[in-house]
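In: With the sequence up front, the predicted model follows.
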Amino acid sequence: MAKKIQAYVKLQVPAGKANPSPPIGPALGQQGVNIMEFCKQFNARTQKMEAGMPIPVVITVFQDRSFTFITKTPPMTYFLKKAAGIESGAKTVGTQIVGKVTKKQVEEIAKQKMPDLNCDTVESAMAQVVGSARSMGLQVVE
């Protein structure tokens, strides 16, 4: 018989840097999960990724306090900031342009994000990336 699910916990954790301090400790502690075990498994799974890259993770907690987790691709804003070489997006959207990204960079980001996006083609994924870029104050150039 399948285990009964108690809760889903969604967090963004830097790759290879999971530790029991907030926000991980309190979020998992409330569910009765072994926090150190999660940290060890997460760090092992993300050790080949760039250190500090924010990784969204969905942790499924079962009633017997065991857990499984799924890591996703980093947020689109992370890739866009890295491609444009900026620290943060525009303070006022639509009036301020803080950087530029090329169509080629947009296509690379779209291909990386395809597993997590709800689209079938690279073109539709690129449209989502362009929308995110504009909302961050980035200009898409040829």
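Out: It's in. Numbering: from 1, shown residues only.
In: hey, let's count contacts and neighbours off CA atoms from now on
Out: Noted.
In: ok, now which ones touch A84?
Out: A84 makes contact with G99, K100, V101, L138, according to Cα atoms under 8 Å, 6 or more residues apart in numbering.
In: Narrow those to just the buried residues.
Out: Buried by 16 or more other Cα atoms under 10 Å: G99, K100, V101, L138, out of those.
In: got the contact list for the closest residue to Q63 other than its chain neighbours?
Out: Here the nearest residue to Q63 in space, its sequence neighbours aside, is Q6; by Cα to Cα, 6 or more residues apart in numbering that works out to 5.1 Å. By Cα under 8 Å, 6+ apart, the contact list for Q6 reads T60, V61, F62, Q63.
In: Show me what counts as buried in whichever strand or helix holds P26.
Out: If you go by DSSP states H and E, P26 is part of helix 24-29. Neighbour counts over helix 24-29 (16+ other Cα under 10 Å) mark I24, G25, A27, L28 as buried.
In: of all the residues you listed, which comes closest to G94?
Out: For the buried residues of helix 24-29, the residue nearest G94 by Cα to Cα is I24; the value is 35.2 Å.
In: any idea how far that closest one lies from L117?
Out: 25 Å (Cα to Cα, to the nearest Å).
In: what helices or strands is the longest helix belonging to the chain leaning on?
Out: Taking DSSP state H as the criterion, the chain has its longest helix at helix 122-135. Other helices and strands packing on helix 122-135, by 3 or more Cα pairs under 8 Å, 6 or more residues apart in numbering; DSSP states H and E, are helix 76-84, helix 103-113, strand 138-141.
In: So which residues make contact with the last one?
Out: Contacts with strand 138-141, where a contact means Cα under 8 Å, 6+ apart, come from 84, 89-90, 97-103, 130, 133-134.
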